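**Q** With the input below, show me the fold.
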Amino acid sequence: MSISTTASFEYLERLPGTTFRKLYRQPSTALAIFRRMLPLLAKTFVMAILYMNKPFPLSDLDLWIQPSSLRSITIHLMEKCLSLLTRLHIVTITAASKEAPQTVKLTDNFSSSLRIALTGGGEHQSFGTPVNDPNIEGVSLDFLDELARKQWEQILHYVVNSVGHSRADTSQAPAETVKHLLQQGNLVTKGRHSGGGITKSGFSFLLQEVNAQIWTLLILWIENSESMGLDSIELLSFLFMLGSLECGRPYSVLALTTTQREMLTYLSTFGLIYLPQENNNIYYPTRLSTTLTSDSSALRSVSDGFDAAISGNSSGNNNSKGFIIIETNYRIYAYTNSPLQIAVLALFTKFSTRYPNMVAGKITRESVANAISHGITSDQIISFLGTHAHPQLTKSAAIKGAPVLPPTVVDQIRLWQIENERMKTIAGFLFRDFESLKEYESCVRYANEIGVLVWRNEVKKMFFVTRHEQLRDYIKSQK
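**A** As a prediction, this is how the structure comes out:
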């Protein structure tokens with residue numbers, strides 16, 4: 001199960017059964033969950049009982065297991081699949097009793113919708129309504145890919161805070177709705193102008209594959225849909241429908257519900273659809289939306305992981321997966337001209353030189369401390385450097401049998417984080433100059449009993465507390 005599948009599955013697992021019953025009324029939703037959320041064994045089980053008229057006895061599952069197989073492992077896998085199918089409200093299992101054996105059956109809405117999705121038929125329009133008007137001038141896949149890439153890159157720029165440092169940059173920033181979602185999801189913190197500071201969660205967001213990033217943002221949107229006046233169930237159903245559409249083909253807006261039409265504007269700000277200005281009755285799904293429920297790459301011009309989100313810029317530069325060289329003296333050379341890649345590195349690097357296709361800098365105590373102040377951890381920095389190390393660096397390390405990153409650099413980055421965590425500031429009050437040791441010990445004991453004591457020094461007869469009101473009254477009562 002991929003990261004994007006896991007993110008969407010964890011959200012679906014929290015939904016109540018009534019929501020699933022409504023979702024499964026749409027064949028596109030049933031097909032999307034069957035195709036995307038279920039492992040192979042669960043799919044096999046669903047297809048085996050899809051056309052059964054009666055509930056299936058659980059005891060008959062033993063007949064499915066070959067005698068030559070590892071029986072205990074197979075039974076465990078089957079139980080795991082049944083648990084998954086139950087949590088997604090795809091199957092119902094009767095309770096064990098003496099009168100009747102346990103049985104399992106597909107839920108009515110899911111089974112009927114999946115049959116329709118697999119065989120066709122019906123007037124549900126669950127898979128969109130294509131427009132076949134010869135007068136409509138179509139758009140190319142390259143245009144849609146470039147549009148989606150630019151829209152998504154704007155969002156990533158905002159997360160990394162490379163857009164929005166000045167008011168002149170606000171035209172390149174994402175829509176206010178997107179900014180609000182990123183702040184609600186704690187991916188960024190609100191900045192002074194139009195930008196925001198990245199958080200630990202935001203840096204993890206950047207390291208995800210594109211589909212996982214999209215689902216992260218969409219789930220935030222669904223969770224905040226009620227405040228926007230949108231129906232979360234219809235929103236989720238519409239997203240599953242988009243995942244079944246054909247990229248580059250126009251679809252009718254008129255066939256959508258009122259709520260779905262309102263969603264189109266939001267989805268266009270994410271780069272999931274294109275709304276042509278000359279014709280407001282059609283929309284085009286981009287590759288970002290048509291791959292929501294598949295394992296295909298979200299963008300043709302990008303590769304896996306974080307590199308997928310930030311490579312493939314308009315200048316035609318096609319960076320390989322690794323572009324960073326780091327030396328034992330903490331100097332970094334990054335062979336890239338991508339503003340977004342450079343901005344990510346700037347979170348924990350102090351740059352000194354910039355060329356058309358390379359930037360050079362150094363990892364310093366101050367630059368790492370700045371990253372840590374935004375919630376980025378040393379492990380995240382090390383993971384990023386290792387993942388995007390230059391091929392020459394990885395090749396040299398493989399020949400020598402050594403780590404890709406210099407151990408001295410790795411250790412020092414971790415030490416700098418520990419150094420920042422070493423000192424902790426606590427607001428409070430210092431008590432000292434007691435008349436006697438007995439008075440000091442009595443006050444310390446009372447401060448400890450009421451839970452306000454932070455520190456004490458027996459030699460100097462002084463201690464530090466977080467609150468002083470009760471302790472002050474206690475001292476007065478003793479005199």
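**Q** What mean pLDDT does stretch 389-408 get?
**A** For stretch 389-408, mean pLDDT is 92.
**Q** Please apply the same query to stretch 55-63.
**A** 83.
**Q** How about stretch 157-166?
**A** 64.
**Q** what's the answer for stretch 112-128, then?
**A** Stretch 112-128 comes out at a mean pLDDT of 84.
**Q** what about the strands in the stretch 51-200 of the chain?
**A** Using DSSP state E, counting those that start in this stretch, the strands of the stretch 51-200 of the chain run over residues 56-57, 91-93, 103-106, 188-190, 196-198.
**Q** now, of the ones you listed, which is deepest in the fold?
**A** strand 196-198 (a mean of 22; mean count of other Cβ atoms under 10 Å). The way it works is simple: take the backbone N, C-alpha and C, and place the C-beta from them, glycine included.
**Q** measure residue 333 to residue 327 for me?
**A** Taking Cβ to Cβ, to the nearest Å as the measure, residue 333 and residue 327 are separated by 8 Å.
**Q** Have a look at those two and say which one is more surrounded.
**A** Under the criterion of other Cβ atoms under 10 Å, the comparison of residue 333 against residue 327 puts residue 333 first, with 16 against 13.
**Q** how about that one, what does it touch?
**A** 324-326, 358-360 (Cβ atoms under 8 Å, 6 or more residues apart in numbering).
**Q** and these, which of them are in helices?
**A** Secondary structure from DSSP state H places none of these in helices.
**Q** Make a markdown table from the strands of the stretch 51-200 of the chain and add distance to residue 15 to it.
**A** Conversion of those to a markdown table gives the following (distance: least, Cβ to Cβ, whole Å):
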| stretch | distance to residue 15 |
| --- | --- |
| strand 56-57 | 25 |
| strand 91-93 | 16 |
| strand 103-106 | 18 |
| strand 188-190 | 27 |
| strand 196-198 | 30 |
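**Q** closest one to residue 385 among these?
**A** Across the strands of the stretch 51-200 of the chain, the minimum distance to residue 385, taken as Cβ to Cβ, is reached by strand 196-198, at 16.8 Å.
**Q** mean confidence for the closest one?
**A** pLDDT averaged over strand 196-198 gives 73.
**Q** Quick check: what element follows it along the chain?
**A** helix 200-206 (DSSP states H and E).
**Q** Give the buried residues for the helix or strand just after that next one.
**A** Toward the C-terminus, helix 200-206 is succeeded by helix 210-223 as the next helix or strand (DSSP H and E). Buried positions in helix 210-223, judged by neighbour count with 16 or more other Cβ atoms under 10 Å: 210-222.
**Q** before we move on, what about stretch 31-39?
**A** If you call a residue buried by 16+ other Cβ under 10 Å, then stretch 31-39 has these buried ones: 31-34, 36-38.
**Q** Tally up the residues packed near residue 96, please.
**A** Neighbours around residue 96, by other Cβ under 10 Å: 9.
**Q** my bad, residue 338
**A** 19.
**Q** do residue 286 as well
**A** Residue 286, neighbours per other Cβ under 10 Å, totals 30.
**Q** give me every residue that touches it.
**A** Per Cβ under 8 Å, 6+ apart, neighbours of residue 286: 144-145, 147-148, 247, 271-274.
**Q** Then residue 199?
**A** Taking Cβ under 8 Å, 6+ apart as the test, what residue 199 contacts is 186-189, 374-375.
**Q** Can you add distance to residue 284 and give these back as JSON lines?
**A** Formatted as JSON lines, these follow (distance: Cβ to Cβ, whole Å):
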{"residue": "186", "distance to residue 284": "33"}
{"residue": "187", "distance to residue 284": "28"}
{"residue": "188", "distance to residue 284": "29"}
{"residue": "189", "distance to residue 284": "35"}
{"residue": "374", "distance to residue 284": "37"}
{"residue": "375", "distance to residue 284": "38"}
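**Q** Please consider this matter closed, and thank you.
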